Every structure is written in structure tokens, then in C-alpha cells.
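>>> here's my sequence, what's the structure:
(one chain, ligands or ions: 1)
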Amino acid sequence: MNLLYKSTRSNEKTATASEAILKGLADDGGLFVPTEIPKLDISMEELKDMTYQETAYAVMKQFLTDFTETELKSCIAEAYDDKFDTGEIAPLVKAGENYYLELFHGATIAFKDMALSILPHLLSVSAKKNNVENEIVILTATSGDTGKAALAGFADVERTRIIVFYPKDGVSEVQKLQMVTQKGNNTSVIAVQGNFDNAQSGVKAMFENKELAEQMKNNGFQFSSANSINIGRLVPQIVYYVYAYAKLLKNEEIAEGEEINVTVPSGNFGNILAAYYAKKMGLPIGKLICASNENKVLFDFFETGTYDKKREFILTTSPSMDILISSNLERLLYMASGQNADRTAELMNALKRQGAYEIDESMREALADFEAGYASEAEVRETIRSLYESTGYLIDPHTAVASAVCSRYKRAHKDANKTVIVSTASPYKFMGNVMTAVDGKYAGKEELLLADELEKISGVEIPAAIREIMQADILHRAECSVDKMEETVKQLLGIHE
Ligand SMILES: *Cc1c(COP(=O)(O)O)cnc(C)c1O
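Numbering: from 1, shown residues only. Reported below is the predicted structural model:
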């Protein structure tokens, strides 16, 4: 079967998977979605004994139907190799009564590596398939983790350039160091004088700018996106939910067909949307629990049916979730409206014009699979400390948001389902806040100096990603204001009007 993709905002055109990956965003500003979500065509009995790479092939081939077996398998082999510090790629660790799905064993020790390790390869195959002559320019706004993971994925990949914008004061010291020390002749990293949403809006505006696209073309360039709106990011993320379920089954933690819940620390809504797609494929998932930090726009949306981004932007200790516009929610709205592109476009227009929208009762009913919660900064600290004290297992603040929300859900509901908590970053990536949560005596200490101490108390070896930034040179110092982003890109590419 040949699966096609279409925009969430109109029904006119369809695209193949490779075309959708190349474009990132549909022409009308909508996001690409599969015209239908395929049912898993392989049994749990078979999946149970598969490696991560085999599982990836089994799942992804159902979505990327215009990739040949050889193409897809080679993308998978190049992505999920020894860049990951464990052969399991995404290990499942039981701590207390929950299972933590550790998605932080890649090059940048956070979950974005799961998709960004493979996206450059999917993109490069897609370019060949579609006879693209232009150099592909990856333009990314990052709240911290995407930037480095994309830089690492694309560095020195032929016929590509990557330009990353990050909010100057909105990322952690480790995140910043990881980005500004990035090597590669095709990499640029720029600090934006604004927050993540400013940076993301600036990037979106460039993608939607027809005049700029024309100037790019005349100079032999075309944009593509590595942000989580790219379907080439979403599809690889479905894999680890299937893998986690199969592992629970193999380890006899659950019986065949038994429903599990998943709790996902959410920001742009890509990770949890992948879990929703996995459920739609037939994976026995009960509740999808969406966990927010104090920027709880998603929690409010699920509680009230109103999405309202007009609110104060709060800087928290889980910066990758400090987001007020959750782009991937658009794909969920599309599904909840019964794949109604006009309705989805209306809602997105309202968001753009009025900064808010409200969904109707029937759409709210269609979201019954979701639960939502949020955790305050105090709860995050307390969750890190208490889990560590009771189990010895140390989690990062993003994962702690999910863990806190999961506990609250369990207190409030009689739900016997076992829960997988998605663990999105290594505690080493945010060691200042993690160590301070464990013991106040670490407060204010220089972050990188805490690595040895963290190693001692957790028994988890310091990852290579941390060792590297301790020595690397700073290679990127550029900075620009929000309204100079386009000019900066043109300068970097040598485009003159
Ligand atoms: C990106 C990120 C998230 C949020 O994931 P979304 O797919 O944007 O919802 C959570 N935790 C970490 C560490 C991240 O990097």
C-alpha cells in the first residue's frame, strides 16, 4: 500500500512521504499528516524479540512507503549505531512502581536524538528520490535540545546547511555549550534576543515567506525543517512506544494485550502525539497523560477546551518544555475534528489572530484518551529528591514533571494500568538543578563541576557528551534581535536583494 500525506489545513494536494519530509511544512502553512494511520501489521510475538533497529524498520516502513527496504534499513543503521551509548538504544528502567523509558542515550543525551539521528538520512534519501539540485538549508528554532541534536545530525552532511536560533537566556549552560562548540563547516548557531516562541515564530515566518523562497531558489538553496513539525521527526518517535511495549511483554511485566498508560513530559506536543499515533496503530495504550511544567497551556487546553497562549511566559528548570505554542497539537486537532481541514485551519487562524481558540464539545469528546496535568517547580524538585531517596534512581527536571503528574493522576484515579514514564533527558544535562534538588548544598555551584558528584551519588557514568563540552572550543558567538533573523540568514547564505 502506498501511504500518502496531506496538509492539516486543506484537502487539495497529497504528497509522498519523501516529499513531505523534504518540505517540512505544507504550502498552506499546515502540517503534513498521513491520510490514514496504518494498523501495525506485525504481531507482538514477533516484535517481542526484535532489536531496536528491527522494530524501527517494522514500524517506519508502514509510514514511509516510498522508501525501498534498502534505503530505509540503511537510514536506520546509520542513525541507531554506536552514537548511542547502549545497544538497547531506548532502555526501560523500573524505579518505584513505574517504568522509565530512557530516550537519552544518544549524542546529546536528550530525547531529540531519537528522531534527529535519523532525519538527516531520511532527508538525504528524500532529496535523491525527488531529484533535488538545491542545497538544503535546515532552519531551526530550538528551546535547547533540538538545536544541538539537529546540529550533531546534520554536521558535514553533504549538500546541507544548518542554521540554529536559540533564545539567548532561555537555555541551560550545558545546552548552550553543546551548541556553541558544534563543529562542522555547514553549521551556524545564533543567539536570539527573545524567548523560544519569538525564535520559533521568526523561523515559521521565513518558511512562509514566498519572496524569500524565490531568492533562495535563485541562489541554489531551499529550506527544510528539522523541527518537530517534520513528519520525518514524528514517525521515528512512534518506534520507541512499540519497542517499550514489546519489552514489557518480553520481560513478563504485562500480559499480551494488556493496556498500559504513558506519561509524556510535553512542550511542542510531538512526543506524545507519536504515542497517540502508536495507539491508533493498535498498540494497547490506555491513557496518554500529557505533563506540563508551569507553562501549562496544554493542561488548560485539555481541562477547558480553550487554548490560550496570551499569558506570561515562565522560565522553568525544564526549559525544553517552556513553550506557549505547541505546534504539533494541530495534528491532534485535525484528528479530533474528524480529519476536518477547514475546521483545523479556522482554529489555527484564530490562534494566529486572537492568540486563542476554543474547540467544541464533539472535539473534546474525541480527546478522551488524553489526561493532562502539570507540576510546579517545587513539585519537580521534590519528585527528583524523593524518587532518588526511595530508589537511588536520578531523573532530570523534564522527566520529573512527568513523574509528578503521573503520581498525581494515580492518586486521583483508580487506574490499575502500568505506566511508562517517558524520560527525555539525562540528569547530567541539567545537573545543577538535579543536584540542588537532591541536596540544597549544591545550589549555586558551577554546573559542570557537579558531574563527578553526580556520578558518585547515582552510580551512572559521566556520558561522553558531557566530557566533550568540558574541553571543546567555543566556535559560535553570533547574536541577533528577533526582527533581524531573516537578514541574518541571508547574510549567512550570501543572498543579496
Ligand atoms: C523537546 C523536549 C521535550 C518536549 O517534547 P515535545 O515533543 O516538544 O512535546 C521534553 N523534554 C525534553 C528534554 C525535550 O528535549
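
>>> pairing partners for residue 34 in the sheet, please.
residue 5 (DSSP bridges).

>>> hmm, residue 62 and it touching each other?
No. Residue 34 lies out of contact with residue 62 (C-beta atoms under 8 Å); the separation is 9.4 Å. Just so you know, the C-beta spots here come from the backbone N, C-alpha and C atoms, and that holds for glycine as well.

>>> ok, for residue 79, nearest residue in space, not its chain neighbours?
Excluding the flanking residues, the one nearest residue 79 by C-beta to C-beta, 6 or more residues apart in numbering is residue 118, at 3.6 Å.

>>> for the ligand, see how far away the residue lying closest to residue 326 once chain neighbours are set aside is.
Nearest residue to residue 326, sequence neighbours excluded (C-beta to C-beta, 6+ apart): residue 269, at 4.1 Å. Distance, residue 269 to the ligand, using C-beta to the nearest ligand atom, to the nearest Å: 5 Å.

>>> go on, residue 468?
The gap separating residue 468 from the ligand is 19 Å, by C-beta to the nearest ligand atom.

>>> what strand or helix carries that residue?
Using DSSP states H and E, residue 468 sits in helix 464-471.

>>> buried ones in that helix?
The neighbour-count check on helix 464-471 (16 or more other C-beta atoms under 10 Å) flags 465, 466, 469 as buried.

>>> distance between the ends of stretch 96-110?
End-to-end distance for stretch 96-110: 22 Å, by C-alpha to C-alpha, to the nearest Å.

>>> return the residues of the stretch 101-250 of the chain in contact with the ligand.
110, 111, 112, 145, 228 (C-beta under 6 Å from any ligand atom).

>>> JSON lines for those residues, including neighbour count, distance to residue 290 and secondary structure?
Formatted as JSON lines, those follow (neighbours: other C-beta atoms under 10 Å; distance: C-beta to C-beta, whole Å; DSSP: H, G, I helix; E, B strand; the rest coil):
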{"residue": "110", "neighbour count": "29", "distance to residue 290": "19", "secondary structure": "strand"}
{"residue": "111", "neighbour count": "31", "distance to residue 290": "15", "secondary structure": "coil"}
{"residue": "112", "neighbour count": "32", "distance to residue 290": "18", "secondary structure": "helix"}
{"residue": "145", "neighbour count": "28", "distance to residue 290": "18", "secondary structure": "helix"}
{"residue": "228", "neighbour count": "24", "distance to residue 290": "15", "secondary structure": "coil"}
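
>>> ok, so of those, who is nearest the ligand?
Nearest to the ligand among those, counting by C-beta to the nearest ligand atom, is residue 145 at 3.2 Å.

>>> who's in contact with the closest one?
Counting by C-beta atoms under 8 Å, 6 or more residues apart in numbering, residue 145 makes contact with 108, 110, 111, 112, 175, 320, 425, 429.

>>> let's see that with 7 Å instead.
Going by C-beta atoms under 7 Å, 6 or more residues apart in numbering, residue 145 touches 108, 110, 112, 175, 320.

>>> residue ranges of the helices in the stretch 201-350 of the chain, please?
Per DSSP state H, counting those that start in this stretch, the stretch 201-350 of the chain carries helices over the ranges 210-218, 231-250, 270-280, 297-304, 329-336, 341-354.

>>> buried ones in the helix or strand following the last one?
The element immediately downstream of helix 341-354 (helix or strand, assigned by DSSP H and E) is strand 356-358. Of the residues in strand 356-358, those buried under the neighbour-count criterion (16+ other C-beta under 10 Å) are 356, 357.
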